[in-house]
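Colleague: Have a look; sequence and predicted model below, questions after that.
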Amino acid sequence: MAFGYTNSKGNTYYLHAKGKMFFFAKEVKEGALDAVPAGYNVVEMKTGMPVLKKVVAEGTAAAATETNTESAG
């Protein structure tokens with residue numbers, strides 16, 4: 001069964017993949033996925049369209065901030 005996401009407007013979208021590209025569609029088509037890939041989560045845009053966003057590890061974000069601070073000073 002394809003992974004479905006119901007947005008704040010009540011519309012259901014189904015997750016699909018074509019190679020390394022992920023997208024949501026209103027109908028289940030070829031390439032439908034059963035679950036969200038590891039390392040991603042679903043977020044909703046202002047328009048109500050769901051998209052996948054990479055999960056940033058807590059340590060990675062802190063390290064990036066620290067590196068940017070050091071190079072600025």
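Modeller: That came in fine, so what should we check first?

Colleague: Please make it C-alpha for all contacts and neighbour counts, starting now.
Modeller: Will do.

Colleague: Setting aside sequence-adjacent positions, which residue approaches residue 29 most closely?
Modeller: Once flanking residues are discounted, residue 29 sits nearest to residue 16: 7.6 Å by Cα to Cα, 6 or more residues apart in numbering.

Colleague: and the one you found, how far is that from residue 9?
Modeller: Here residue 16 is placed at a distance of 21 Å from residue 9 (Cα to Cα, to the nearest Å).

Colleague: Look at those two and report which has more neighbours.
Modeller: residue 16 (24 against 9; other Cα atoms under 10 Å).

Colleague: wouldn't the more buried one be in contact with residue 27 here?
Modeller: No. With contact defined as Cα atoms under 8 Å, residue 16 does not reach residue 27; the gap is 9.9 Å.

Colleague: measure residue 9 to residue 22 for me?
Modeller: For residue 9, the distance to residue 22 (Cα to Cα) stands at 22 Å.

Colleague: same check, this time on residue 28
Modeller: Separation of residue 28 from residue 22 (Cα to Cα): 13 Å.

Colleague: before we move on, what about residue 36?
Modeller: Distance from residue 36 to residue 22, counting by Cα to Cα: 10 Å.

Colleague: Same check on residue 8?
Modeller: Distance from residue 8 to residue 22, by Cα to Cα: 21 Å.

Colleague: Compare the two (neighbour count), which wins?
Modeller: Shown here are residue 8 and residue 22; by other Cα under 10 Å, residue 22 has more neighbours (16 against 13).

Colleague: Please, which helix or strand holds that one?
Modeller: strand 21-25 (DSSP states H and E).

Colleague: How about residues contacting that strand?
Modeller: Residues outside strand 21-25 that contact it (Cα atoms under 8 Å, 6 or more residues apart in numbering) are 13-17, 50-52.

Colleague: Just those: which are in strands?
Modeller: In this view, these that belong to strands under DSSP state E are 13-17, 50-52.

Colleague: now, among these, which is nearest to residue 4?
Modeller: Closest approach between the ones in strands among the contacts of strand 21-25 and residue 4, by Cα to Cα: residue 14, at 4.4 Å.
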